[in-house]
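Asker: Fold the following.
(chains A and B)
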Amino acid sequence: MRPLTDEETTTMFEKLSKYIGENIKLLVDRPDGTYCFRLHNDRVYYISEKILKLATNVSREKLVSVGTCFGKFTKTQKFRLHITALDFLAPYAKFKVWVKPGAEQSFLYGNHVLKSGLGRITENTAQYQGVVVYSMADVPLGFGVAAKSTQECRRVDPMSIVVFHQADIGEYIRSEDTLT
Amino acid sequence: MAACSIEDVLAKAEKDEAEKLKSITVVKELDLEFDLGNMLAFDKNPPDIREFRQKNKDDFLRSLARDNTQLLINEMWKLPTERVDEVIVAKLPEPTARLPREKPAPKPRPPTKWEEFAKLKGIQKKKKTNLVWDDVHKEWRRRWGYKRAKDDTKEWLIEVPETADPNEDQFAKRNKAKKERVAKNELNRLRNIARAQKIKVPGVGLAPTEQQSKSELGKAIHVAKMSTASVGKFQERLPKEKAPKNTGKKRKFQPLIGDFSSEKQKQLDILKIMDSKKPRLDINKAVNKQMREEDMESASKKKKGAGKKGRKGSFPGKKGNFPGKKGKGAGSVVKSGKNRKPRMKQGKR
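Answerer: Predicted structure coming up:
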């Protein structure tokens, strides 16, 4: 486990800012305690200082996970968000998409959100903007990327993709063994 | 009949046996010449041509070779033998016949640059005596090398020449001159070798080759960039230039549990820089905004026109259609489908 380098921090923040914009500041600077990002096995964990100190007692090989996994760095040093980061993305999300109850299941199986399943969408969403997907009951289901801007969404036919799927809470069951 | 056949068989067997154990004595008209060092035998007898033609040629040659080999082995048995570990060993004498060499004779070494020059000028080597009289030590000493006569490296004092700088170290100067001469000589030697083998004369550092690989080019760029007075510190960089690999610099990370407040400050600084890099005018956003305004305008126009004709709420409210901005509750959120009631009320008004 080690702190991120400046480069790694920048790549991770750039990815995070696609979903929560300048709200990253609220993650870094928290009034309720010190929280930090740590790299372990190429994965970035968001940990409170207290738990971090406790985790130092565990040897590197034995440590599977600590705190919240935000995502991982690929071998080419790109950052991929994991579904486990949803707990911190959802409250600060700038752009949201609500999915109709009928399309919820399809999304949770890992499919893209079609226009027919789109309940609501935040206005002014640009194309390829990172969005958090909610059910109509405001339960965060996952996140993805807007395939169309809000304006275009009005005109497209009901079978076209509106949000590209990136991660959903169904992964907790589907890829249980690889999530940390 | 039977006895006859038995005799025949016996005779044949005897004959075969005799064939196998051919006598070790071979008679030749002329004695063979032997070179036991090379285990060679020269047979000067002319071959029996008639027999060679009539008989099976292979058999004839084979029997001839056998006989001659037998003679050679007989000769070898005449040498003094001794027994070493159950093996009988004989020492062969020096070979007498001179064999031709396997490889062609080596070519003469191509002349060095000096040799060429000397030949051109007609300079000839003069043989100098190896030993010279040394007046200081009162003995004969070698002209060159260790313990040579008039050894100028062993002087305890050097007179400073009038023209020279008095603060200059004459010993160091002499040492340096010697080292330079040695280096120059070595370079000339390598040049001569390169010239002889028709290779390009090696330069110093990274010599340019015809086809440089990507890594070689990268290294050359790195070396060139570092070759400034400030060791490349103020050198301009290309937009996506990568740092050179394997420069011997080890990556170093911050401690796992270090100063949390400074870490936080650093991250906030990064965020600030990221924020400042964002363009002030997001073209996509601006275009979208413009499009929305146009939509709203056209929608309101339609509504007005419809109102004149007396149709109520003529907005084509199919499912999945996105009406523009909603009534009070919606905020910045666009709803589709069912929440159409507020608009209907507006229409009535």
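Asker: which phi and psi does residue 21 have?
Answerer: In the absence of a named chain, chain A is used. Dihedral pair for A:Gly21: phi 60, psi -130, per degrees, to the nearest 10.
Asker: Nearest spatial neighbour of it, chain-adjacent residues omitted?
Answerer: In space, A:Gly21 comes closest to A:Lys94 once its chain neighbours are excluded; the distance is 4.6 Å by CB to CB, 6 or more residues apart in numbering or on different chains. Every C-beta, even on glycine, is put in place using the N, C-alpha and C of the backbone.
Asker: wait, what's in contact with that neighbour?
Answerer: Neighbouring residues of A:Lys94 by CB atoms under 8 Å, 6 or more residues apart in numbering or on different chains: A:Tyr19, A:Ile20, A:Gly21, A:Asn23, A:Thr122.
Asker: Give me the subset of those lying in helices.
Answerer: Applying DSSP state H to these, the entries found in helices are A:Tyr19, A:Ile20.
Asker: residues near the residue of the stretch 101-250 of chain B found nearest chain A, how many?
Answerer: Taking CB to the nearest CB as the measure, the stretch 101-250 of chain B has B:Ala243 as its residue closest to chain A, at 10.5 Å. B:Ala243 has 8 neighbouring residues, counting by other CB atoms under 10 Å in any protein chain shown.
Asker: Ok, A:Leu39 next?
Answerer: For A:Leu39, the number of neighbouring residues by other CB under 10 Å comes to 19.
Asker: Return the list of helices and strands in contact with the helix or strand containing it.
Answerer: Here A:Leu39 sits within strand A:35-40, counting by DSSP states H and E. Under the contact criterion of 3 or more CB pairs under 8 Å, 6 or more residues apart in numbering or on different chains; DSSP states H and E, strand A:35-40 touches strand A:2-3, helix A:6-20, strand A:43-48, helix A:49-55, helix B:260-277.
Asker: what sits up against it?
Answerer: The contact list for strand A:35-40, computed with CB under 8 Å, 6+ apart, reads A:1-4, A:8-9, A:12, A:27-28, A:44-49, A:52, A:60, A:63, A:66-67, A:70, A:73, B:256, B:260, B:263-264, B:267.
Asker: Could you look up the SS state of the residue nearest to A:Gly21?
Answerer: On the three-state scheme (DSSP: H, G, I helix; E, B strand; the rest coil), A:Lys94 is labelled coil.
Asker: How about the backbone phi and psi for it?
Answerer: Per-residue torsions, A:Lys94: phi -90, psi -30 (degrees, to the nearest 10).
Asker: Kindly report the same for A:Gly144.
Answerer: With angles defined as degrees, to the nearest 10, A:Gly144 sits at phi -170, psi -160.
Asker: tally of neighbours for A:Tyr35?
Answerer: By other CB under 10 Å, the burial measure for A:Tyr35, its neighbour count, is 21.
Asker: B:Glu293 now?
Answerer: Counted by other CB under 10 Å, the residues lying close to B:Glu293 total 11.
Asker: Can you tell me who residue 133 pairs with across the strands?
Answerer: No chain in the question, so chain A it is. A:Val133 has these beta-bridge partners by DSSP bridges: A:Val97, A:Gly142.
Asker: if you could check chain B rather than the one you did, that'd help
Answerer: Counting by DSSP bridges, B:Trp133 forms beta bridges with B:Trp140.
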